[in-house]
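K.L.:
Pasted the sequence and its predicted model underneath.
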Amino acid sequence: MKNKKKIDLGRIDYLLLVGVLFLVILGAATVYSASSFKAEQTTGDAAYFFKNQLVRVFIGVVLMVIIASVDYRKWLGISPLIYVFGVFMLLLLFSGMPFVIKANEARRWLQFGPLQFQPSDFARYALILLMARVLHEKREKLKEFWSGFVAYMSLVGLVVFFIAMEKDLSTAVIVGLIAFLMFYFADVKFSYLLSAMLSFTTLAMLYMMRTPYQLERVHRFIDQLLHRAPLAWQLQQSLIGMALGGLWGQGIGNSRQKYAFLPEAHKDFIYSVIGEEAGFIGTLIVLVLFGLIIYRGLKIAQYAPDGYGRLLAGGITACIATYAMLNASVALGIVPTTGIPMPFISYGGSALVSHLAAVGLLINISSQCDPSYANYLNRNTYEEHLNRSTFKKRKSSRRIAKKYKGKYATASRS
């Protein structure tokens, strides 16, 4: 794995950075509005959750800057250690130690003094880092089913299994989906992916059959779709908030649903508060910003200087996109209600910090992107590579090659 000694931060993707920072600022403002009533009732300080959010934003932004300043290949170089540490943190949840926070039957949080975090938030990006390295380095071996594809899929299965055992099926499914997308980006045979997807779906169904409340949630959602049962309280209040917002909203800070009507208004259902206060226009702006981040993430993957960067950028973008779309879908009643936070917006510590840290990796990759694929020494090689890329350009490759024709002469031969 080659290391690039100098990182050109002057070439980072500023559209991506501005989009992320705008969502973070919007999220902090919405957290204050959505949580002020609950915070005043429980702690006596209306800004309690807002202050906590600002601290976490600060930590996340600092991590983002640090990670963006270090060559992403160095993080990939220690990805096996990061992966092992992530699995170890998941195992701690089953240790029964005092630092494990247990709510009902779920074990999802660890607390060491004032530090409280969810290991799955760290483990998902540890898995993305490792898979970006493995899928590129072992791409020839992936053509073999048992010794290649199944062997490396077991790395995914281990993380998914431990997260599912925490009684967090929704996160386990999302992590599995992100991993499947990364295998797809790595051009793994479709027949392999299909067989794994069917196996994964079967195991998920068996898991739900052994956890009655999960099965009941799915049954209730189907009954709601078929109008055979009333809407669940959370979904009902979420849709009421959206309806109250109308086109332009009730105004920032004027949400009514936050007054104990909408549970977890500053967390899982923060998108509903945005809809109530900023209206349809506000929710649309949020989706447009996420669309911008996803678009820029795919462009970074397309123009990445090597296969490592392409897979890493693709995995991170897939993770952010999946969480954002699922959170919005839950608020609108499109999918069953799950505890999925909105990236960069929802109140939270480990989720917010991990997403911002991952953006640091995207920024670092973007700082090394070369639109002319300068490492390819002639136009034919460039076009051949571009046509093989998972993220294909809409523009003609010949037009782009012509535009950057003068740069091939200075391409690196290292």
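P.N.:
Arrived safely. Numbering: from 1, shown residues only.
K.L.:
pLDDT weak spots in the stretch 301-414 of the chain?
P.N.:
For the stretch 301-414 of the chain, residues meeting the criterion pLDDT under 70 lie at 370-414.
K.L.:
I should have written the chain there, sorry.
P.N.:
Confidence mapping of the chain against pLDDT under 70 gives the ranges 1-9, 104-105, 370-414.
K.L.:
which outside residues touch the longest strand along it?
P.N.:
Using DSSP state E, we find that the single longest strand of the chain is strand 106-112. For strand 106-112, contacts defined as C-beta atoms under 8 Å, 6 or more residues apart in numbering pick out 89, 92-94, 99-101, 116-120, 166-168. No exception for glycine: its C-beta is placed from N, CA and C like everyone else's.
K.L.:
for the longest helix belonging to the chain, the distance to its chain's centre please.
P.N.:
Identified as the longest helix of the chain according to DSSP state H is helix 270-303. Here helix 270-303 is found 13 Å from its chain centre; the criterion is C-alpha atoms, centre = their mean, to the nearest Å.
K.L.:
Report the buried residues of that helix.
P.N.:
Neighbour-count burial for helix 270-303 flags 270-279, 282-283, 285-286, 289-290, 292-294, 296-303 (criterion: 16 or more other C-beta atoms under 10 Å).
K.L.:
How about stretch 161-175?
P.N.:
By neighbour count with 16+ other C-beta under 10 Å, stretch 161-175 contains the buried residues 162-164, 166-175.
K.L.:
Quick one: distance of that stretch to the chain centre.
P.N.:
15 Å.
K.L.:
how long is it from one end to the other?
P.N.:
Taking C-alpha to C-alpha, to the nearest Å, the first and last residues of stretch 161-175 lie 10 Å apart.
K.L.:
which residues sit against it?
P.N.:
By C-beta under 8 Å, 6+ apart, the list of residues contacting stretch 161-175 from outside reads 87, 90-91, 93-94, 104-108, 120, 123-124, 127, 156, 159-160, 204, 207-208, 211, 214, 319, 322-323, 326, 338-340.
K.L.:
and the residues you listed, which are buried?
P.N.:
87, 90, 93, 107-108, 120, 123-124, 127, 156, 159-160, 204, 207-208, 214, 319, 322-323, 326, 338, 340.
K.L.:
where exactly do the strands run in this protein?
P.N.:
For the chain, applying DSSP E gives strands covering 100-103, 106-112, 115-117.
K.L.:
Strand partners (parallel or antiparallel) of the longest strand of the chain?
P.N.:
If you go by DSSP bridges, strand 106-112 pairs up with strand 100-103 (antiparallel), strand 115-117 (antiparallel).
K.L.:
mind checking which of the ones you listed is nearest residue 79?
P.N.:
Taking C-beta to C-beta, strand 115-117 is the member of the strands paired with strand 106-112 nearest to residue 79, at 19.9 Å.
K.L.:
buried sites along the closest one?
P.N.:
Those would be residue 117, for strand 115-117 by 16+ other C-beta under 10 Å.
K.L.:
Tell me the gap between that strand and the middle of its chain.
P.N.:
Strand 115-117 has its C-alpha centroid displaced from the chain centroid by 19 Å (C-alpha atoms, centre = their mean).
K.L.:
ok, and what's touching it?
P.N.:
101, 109-110, 349-350.
K.L.:
got it, and stretch 207-216?
P.N.:
Stretch 207-216 is contacted by residues 164, 167, 169, 218 when judged by C-beta under 8 Å, 6+ apart.
K.L.:
Out of the residues you listed, which is nearest to residue 260?
P.N.:
Among these, residue 167 lies closest to residue 260 (C-beta to C-beta), at 26.1 Å.
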